[in-house]
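Asks: pasted the sequence and its predicted model underneath.
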Amino acid sequence: MKTDTIAAIATAVSNSGIGIIRISGEEALNVADRIFRPKKGDRKVSDMESHTVHYGYVTDGEEVIDEVLLIVMRAPKTYTCEDVVEIDCHGGVLVIKRLLETVLKYGARPAEPGEFTKRAFLNGRIDLSQAESVIDVINAKNDMALKSSVSQLRGAVSGKIREIRSVILHELAFIESALDDPEHYTLDDYQEELRGKMTGALNDVEKLLASSDNGKMMKEGIRTVIVGKPNAGKSSLLNLLVGEERAIVTEIAGTTRDILEEQIQIGGIGLNVIDTAGIRDTDDVVEKIGVSRSLEYLGKADLVIYVVDSSTVLDENDRNIMDAIQDKKAIVLLNKSDLETQTEAADIRNYLDKPVISISAKEQQGMDVLKETIQEMFFSGNITFNDEIYITNIRHKNALAEAKKSLEMVLQSMADGMPEDFLTIDMMSAYEELGTIIGEAVGEDLVNEIFSKFCMGK
């Protein structure tokens, strides 16, 4: 592990009210001594108490760079478990870059992406799953993703993983003790007890895995595709959801020929909404390409919003669309409810067993019902984040899947009458796979890859 002193800009490099330079390492206080001049007195930074704030100037020799607040935090009670100094300066691009250059000139080196958090992990302040949640907090795109990431940062996932591993390790230790010292430990009638413990561990792993679909949608948003015939009101709906005129709306059928994508929030849920070209049989070459893309996106969607013009009767194009969404999570919107109705909910239900909502995109009616329906469809109506753990990281999901296979093999081997020493092979495999989630028994290459995705200064 590198133990030299690192520094980076911890805020966005843009004109703003404040900028922060972060310094961490054994020489952090000494570096600050060389560049900081207190407003009053001549006290050295290395003599200042931990977790105190001091007003003064950063200087390069006799040149004053900026008027700053300097925060002293001594190891081990810091983010990195090392001595840390943070300099709060004015947020101009030039001044903050000049300040960093001065810090580097007097003894620090530029931090690598994520190196502060990497040091927090390597120094044992947080485990790997908590470290990964840091970048998830920064990149959160909706309220639920943020709450889930903060929960993981506080140790929700790692706590559950450690609990499962503890059960497996206890049984591994008992088997090893019994094999080494059969006079004091017996394995008679033990497998029934072991079966119960391993079944419980497997159930816990399966529950975490089952949360990964919702967790993925929390983190990345629900892939939502708006489909329907031309002029059904798809683009009007997109504009209403986004809150501005993003899509061109005309009375001419087939206006939308390409794909429009927007990220929105409905009640804290992130939707990645795609407005597609109207689906119909057409001889127009360009429109035909748009229809083909619409069907492609429909196939990949987590949620399909099918917009029907309720002022017209259903036709063959509608029936083709309904056939395509039979096996998808879908909501049917009967649009233009402000006009004379030609198609009603019962007409849709003759072909399709999906929620049907009457709306008017023009009059902005029916949006509350749509929001409630989406919440119920994906999160059982409960969008207030609770203590439930959600797996949002694909690396964690893969490790859990491997642990599940190993635990299933343990139970299968028991059913086949295999001896206890044989069972420990798959038990240890499950234990180690779960360990990779929290950072035990992971290689340096994986650690470096994870932290390379972080931003500078974090």
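Replies: Sure, I can see it.
Asks: how about residues contacting the strand of greatest length in the chain?
Replies: In the chain, with assignment by DSSP state E, the single longest strand is strand 63-73. Applying CB atoms under 8 Å, 6 or more residues apart in numbering, the contact partners of strand 63-73 are 29, 32, 36-37, 45, 48-59, 83-90, 95, 98-99, 102. For every residue, glycine as well, the C-beta is placed using N, CA and C.
Asks: what about 6 Å?
Replies: Residues from elsewhere that reach strand 63-73, judged by CB atoms under 6 Å, 6 or more residues apart in numbering: 36, 48, 50-55, 57-58, 84, 86-90, 95, 98-99, 102.
Asks: for residue 312, what are phi and psi?
Replies: Per-residue torsions, residue 312: phi -130, psi 160 (degrees, to the nearest 10).
Asks: same thing with residue 263?
Replies: The phi/psi pair for residue 263 (degrees, to the nearest 10) is phi -100, psi 130.
Asks: inside helices: which ones of the contacts of strand 63-73?
Replies: Using DSSP state H, the subset of the contacts of strand 63-73 located in helices is 95, 98, 99, 102.
Asks: beta partners of the closest residue to the first one other than its chain neighbours?
Replies: By the measure of CB to CB, 6 or more residues apart in numbering, the closest residue to residue 95 outside its immediate chain neighbours is residue 66, 5.2 Å from it. Residue 66 has these beta-bridge partners by DSSP bridges: residue 58.
Asks: neighbours of residue 66, how many?
Replies: For residue 66, the neighbour count with other CB atoms under 10 Å is 18.
Asks: sorry, back to before: now the ones in helices among the contacts of strand 63-73 in a markdown table, with distance to residue 74 and neighbour count?
Replies: Formatted as a markdown table, the ones in helices among the contacts of strand 63-73 follow (distance: CB to CB, whole Å; neighbours: other CB atoms under 10 Å):
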| residue | distance to residue 74 | neighbour count |
| --- | --- | --- |
| 95 | 27 | 18 |
| 98 | 27 | 16 |
| 99 | 22 | 24 |
| 102 | 22 | 23 |
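Asks: closest to residue 293 out of these?
Replies: Closest to residue 293 out of the ones in helices among the contacts of strand 63-73 is residue 95 (48.2 Å), distances taken as CB to CB.
Asks: measure the closest one to residue 21 for me?
Replies: Distance, residue 95 to residue 21, by CB to CB, to the nearest Å: 11 Å.
Asks: residues near the closest residue to residue 155 other than its chain neighbours, how many?
Replies: Excluding its sequence neighbours, the residue lying closest to residue 155 (CB to CB, 6+ apart) is residue 130, at 6.2 Å. Other residues within reach of residue 130, judged by other CB under 10 Å, total 21.
Asks: residues contacting residue 458?
Replies: Taking CB under 6 Å, 6+ apart as the test, what residue 458 contacts is 116, 117.
Asks: what do you get if the cut-off is 7 Å, keeping everything else the same?
Replies: Counting by CB atoms under 7 Å, 6 or more residues apart in numbering, residue 458 makes contact with 114, 116, 117, 134, 138.
Asks: so what does the helix ranked longest in the chain touch, helix or strand wise?
Replies: Counting residues, the longest helix found in the chain (DSSP H) is helix 156-180. Contacts defined by 3 or more CB pairs under 7 Å, 6 or more residues apart in numbering; DSSP states H and E place helix 156-180 against helix 128-139, helix 190-210, helix 420-438.
Asks: output the below-cut-off pLDDT ranges for the stretch 351-458 of the chain.
Replies: Within the stretch 351-458 of the chain, the ranges that satisfy pLDDT under 70 run 379-387.
Asks: which stretches of it form strands?
Replies: Per DSSP state E, counting those that start in this stretch, the stretch 351-458 of the chain carries strands over the ranges 356-358.
Asks: same thing with the stretch 1-150 of the chain?
Replies: Using DSSP E, counting those that start in this stretch, strands in the stretch 1-150 of the chain cover 6-9, 16-24, 36-38, 52-60, 63-73, 84-91, 109-110.
Asks: what's the most buried one of those strands?
Replies: Ranked by mean neighbour count under mean count of other CB atoms under 10 Å, the strands of the stretch 1-150 of the chain are led by strand 6-9, which reaches a mean of 24.
Asks: quickly list what the closest residue to residue 51 other than its chain neighbours is bridged to.
Replies: Nearest non-adjacent residue to residue 51, counting by CB to CB, 6+ apart: residue 73, 5.6 Å away. With DSSP bridges as the criterion, residue 73 is bridged to residue 84.
Asks: dump the helices and strands packed on helix 156-180 to a markdown table, plus distance to residue 327.
Replies: As requested, those are exported to a markdown table (distance: least, CB to CB, whole Å):
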| stretch | distance to residue 327 |
| --- | --- |
| helix 128-139 | 31 |
| helix 190-210 | 20 |
| helix 420-438 | 33 |
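Asks: nearest to residue 346, of those?
Replies: helix 190-210 (35.4 Å).
Asks: export the helix or strand just after the closest one as PDB, just CAs?
Replies: Sequence-wise, the next helix or strand downstream of helix 190-210 (DSSP states H and E) is helix 212-220. What follows is helix 212-220, C-alpha atoms only, in PDB (Å, rounded to 0.1, in the frame of the first residue of the first chain):
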ATOM      1  CA  SER A 212     -31.400  -7.400  -7.100                       C
ATOM      2  CA  ASP A 213     -34.000  -6.700  -9.800                       C
ATOM      3  CA  ASN A 214     -35.600  -4.000  -7.700                       C
ATOM      4  CA  GLY A 215     -32.200  -2.900  -6.600                       C
ATOM      5  CA  LYS A 216     -31.000  -2.500 -10.200                       C
ATOM      6  CA  MET A 217     -34.100  -0.400 -11.000                       C
ATOM      7  CA  MET A 218     -33.500   1.700  -7.900                       C
ATOM      8  CA  LYS A 219     -30.000   2.400  -9.000                       C
ATOM      9  CA  GLU A 220     -30.400   2.800 -12.800                       C
END
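Asks: name every strand pairing with whichever helix or strand comes after helix 212-220 and say which way it goes.
Replies: Using DSSP H and E, the helix or strand that follows helix 212-220 in sequence is strand 222-228. Partners of strand 222-228 in the sheet, by DSSP bridges, are strand 269-275 (parallel), strand 303-309 (parallel).
Asks: okay, the residue nearest to residue 51: pLDDT?
Replies: We have a pLDDT of 97 for residue 73.
Asks: neighbours around residue 373, how many?
Replies: 18.
Asks: contacts only, for the closest residue to it other than its chain neighbours.
Replies: Distance criterion CB to CB, 6+ apart; nearest residue to residue 373, sequence neighbours excluded, is residue 355 at 5.2 Å. By CB under 7 Å, 6+ apart, residue 355 lies in contact with 331, 332, 373.
Asks: can you lay out those as JSON lines showing distance to residue 339?
Replies: As requested, the contacts of residue 355 are exported to JSON lines (distance: CB to CB, whole Å):
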{"residue": "331", "distance to residue 339": "20"}
{"residue": "332", "distance to residue 339": "17"}
{"residue": "373", "distance to residue 339": "22"}
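Asks: taking those residues one by one, which sit in helices?
Replies: residue 373.
Asks: so what's the residue count around residue 119?
Replies: Counted with other CB under 10 Å, residues neighbouring residue 119 total 24.
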